[in-house]
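**Student:** can you look at this prediction? I've put the sequence above it.
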Amino acid sequence: MTAYLLNLATLSAIFGILAVSLNMLVGYAGIFSMAHAVFFGLGAYAGAQIALQVIPDVLLAAIVAALFAAACSLCLALPALRVRGEYFVAASLGLQMLASTAFSQAQALTGGIGGLVGIPPPMLLGLDVSSAPAFLVVCLAFLALCLIGIRLLMRGSFGRSLMALRDSESAARAFGKDVAQLKTQAVAVGCAMAGLAGALFAFQEAFVNVESFTLEQSILVLAMVIIGGVGTLAGPLIGAVLLLLLPAGLSFLPFIPPTDIGSVQQLIYGLAMTLLMIFRPAGLAGRSVGQR
Amino acid sequence: MTALLTLNGLSKRFGGLTAVQGLDMELHEGVITALVGPNGAGKTTLFNLVTGNLTPDAGEVTLAGRTITGMAPHRVARLGIARSFQDLRLFTHMSVRDNVLASIERRAWLWQARGGSARRDATEAALERTGLLSLGRARAVDLSYAEAKFLSLARIMATGARIWLLDEPASGLDPASRRRFTALLRAAVAKGVTICLIEHNLDIVTEIADRIAFLDQGRKLAEGDPASIMRNPELRAIYFGERRE
C-alpha cells in the first residue's frame, strides 16, 4: 500500500510539472497546444537514452531532456507564430499525430512500439535515489524548482508580456512587443519543463513506449490545466493531483467492477468538465469575471 | 512648423475596394489633428498603415525624416508611435497596473530588462493622472466603460511616445469624463506630444482638435482649422450622408 501511494505521489509530482508547463503555454501565453505529450515523450526518450547509454544520473538526464525538448520546440513555435486559435489547435494536433507515428517507427532511438526497457535505477550526483521515497523527494524538488521558476517568470516583465499577447496580440504588438520572440521563448521554456518531466517519468517507470505520449495523454494534461484553473500557479497542480487520484480512488470503490473503472472514469471526467465549464469556467483555482 | 510624421501618396486596396488612395498628410509636433469622415472613409486603415499593421500598396510614411513604411508594428511602436484601438483591446485579464506596466516593457526577455523602477514610476504617474491609482489591482475586464477608456489612455501616456494615434478615444464618455480626458490630451500636447485622433462626435472634434483632415472614400478632401472645415457645406453634406452628386 505504501509503495502504491508513493508511486501515486511521484506520478502526481511528474504530471504536476507537465501540467504547470502546459499552463505556461495555454494559460499565460495563449498558445493552446494539443501536442504537449510530444515534448514529454521527447524528454522521456532522451532521458532514457542518457540513462541507458551514458549514466543513469537523474540530473544529467533531466538537463539533457529539457534542452532536447526545448530545441525540438521550434516545431511547435513555428506554427504558433503563423496561426492562432483553432488553426493552431489543428496544427498542434497534426504535430501530435506526426510525433506519435515517429515515436513508434524510430526503432533505433525509441525502441519502436516495444519502447525502451530496462532503464537503470536513478542516481543523483553519485547518490542512490532509486528508492521510492528518495525518488519522490527528487521529483518534488524538481516540481518546486519549476513552480518557483514559473512564478518568478510570470511576475516579471516576461510574464506580463506573455499575458499581454494572450489577451490581445495586436495591442501587444502596438506597444512594442516582439510577438515572435516572446512565443518562441515561451514555447521553449514550456517544452523544456515537459522534457524534464519526461526524463523523471522514464526513471519512475523504468520503461518508456509510445503509449504514454499519445493524443490521449495531451488531452489528459490539458484537462488537468483546465479543471485546475488556466493561468493560475496552483490550478494545474490541483488538476494533476485530482485526475491522477480519481482512477486510483475509483479502484477502491467495491461496487464498481474493475473492468468498468475505465468507463466510469471517462463518465466522471466528462461530467466534471461540463459542470465545471458551466459553474466555474475559470477552473477550481481560477478567478471569475467580476470577482476582485 | 516641423512635420514629425509625413504620409506621402499613401494607397491601400483590399481586393476591389480602395481604402486609402494617394493620401498626403503631415502631423506636426504639439498639434492635435482630427481625422473626420463618414464610415469607410479609411481613417482606421490609415492608422494601420502608419503603425505597420498594414503595408501600403504605394506611398511612404516617414517619421522625422526616416522611412518607416512597412516596418513591423513593434518596431514602429519602439520608435515612439503609440496607438489606441476603437475596441480598446485592453489586456483584459491583467490588473490595471500590469496593463500599464506591460505597455512600457518593450523588450521582455526571460530575465528582467533594466530600468524597472523607472517603469514602475511611469506607471504610477500615468495611473495617478488618469485617476486610476485606486483601481491599480482591479482587473481590466472588471472596469467600467469610462475607466477602461482612461486605462487605454494611461497605457499610451506611460510609454512616453512622441506621437499618439487615438481611435475614437472619447466616444461614449459622459461630459465630466470627457472634460477630464480632453484636459489630459491638452496637457500632453503642451509637453510636445503630437496627437492624431479619429472621432465621430463633432463637438469633441471642435473642442479638442487644432486641425481637421476630412477623409472620404480613402481620399483627403480637405484639411484646415476646425472652424473652416465645419463651415464647409459640401463636407457637412458628405459627413451627414446628404452626398451631392
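**Tutor:** The structure has been received and is ready for your questions.
**Student:** CA atoms only for the worst-scoring helix or strand of chain B on mean pLDDT - export them in CSV, please.
**Tutor:** Lowest by mean pLDDT, DSSP states H and E among the helices and strands of chain B is helix B:233-239, with a mean of 74. The C-alpha coordinates for helix B:233-239 follow below in CSV (Å, rounded to 0.1, in the frame of the first residue of the first chain):
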residue,chain,number,x,y,z
PRO,B,233,-21.4,72.8,-46.6
GLU,B,234,-20.1,70.2,-49.1
LEU,B,235,-18.2,68.4,-46.3
ARG,B,236,-21.1,68.6,-43.9
ALA,B,237,-23.3,67.1,-46.6
ILE,B,238,-20.9,64.2,-47.1
TYR,B,239,-20.5,63.7,-43.3
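**Student:** check which residues of that helix are buried.
**Tutor:** Within helix B:233-239, the residues scored as buried using 16 or more other C-beta atoms under 10 Å in any protein chain shown are B:Leu235, B:Ile238, B:Tyr239. All C-beta atoms are positioned from the backbone trio N, CA, C, and that covers glycine.
**Student:** also stretch A:97-113?
**Tutor:** A:Ala99, A:Ser100, A:Phe103, A:Ser104, A:Thr110, A:Gly111.
**Student:** got CSV for those residues, with pLDDT too?
**Tutor:** Compiled in CSV, the buried residues of stretch A:97-113 are given as follows (pLDDT from 0 to 100):
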residue, pLDDT
A:Ala99, 92
A:Ser100, 92
A:Phe103, 92
A:Ser104, 92
A:Thr110, 89
A:Gly111, 86
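**Student:** now stretch A:171-188: average pLDDT?
**Tutor:** Stretch A:171-188 shows a mean pLDDT of 92.
**Student:** now do the same end-to-end measure for that stretch.
**Tutor:** 23 Å (C-alpha to C-alpha, to the nearest Å).
**Student:** next, the buried residues of it.
**Tutor:** A:171-179, A:182-188.
**Student:** so which of those residues is the closest to A:Gly239?
**Tutor:** For these, the minimum distance to A:Gly239 (C-beta to C-beta) is 19.9 Å, reached by A:Ala186.
**Student:** now the closest one: which helix or strand?
**Tutor:** helix A:179-205 (DSSP states H and E).
**Student:** that helix: how far from the chain's middle?
**Tutor:** Between the centre of helix A:179-205 and the centre of its host chain there is 8 Å, according to C-alpha atoms, centre = their mean, to the nearest Å.
**Student:** can you pull the residues of chain A lying near chain B?
**Tutor:** Within reach of chain B by C-beta under 8 Å from any C-beta of the partner chain, chain A has these residues: A:153, A:156-158, A:160-161, A:163-164, A:166-168, A:170-179, A:182, A:185, A:189, A:231, A:287, A:289-290, A:292.
**Student:** how about a cut-off of 6 Å?
**Tutor:** Chain A has residues A:156-158, A:160-161, A:163-164, A:167-168, A:171, A:173-178, A:289-290, A:292 near chain B, with proximity defined as C-beta under 6 Å from any C-beta of the partner chain.
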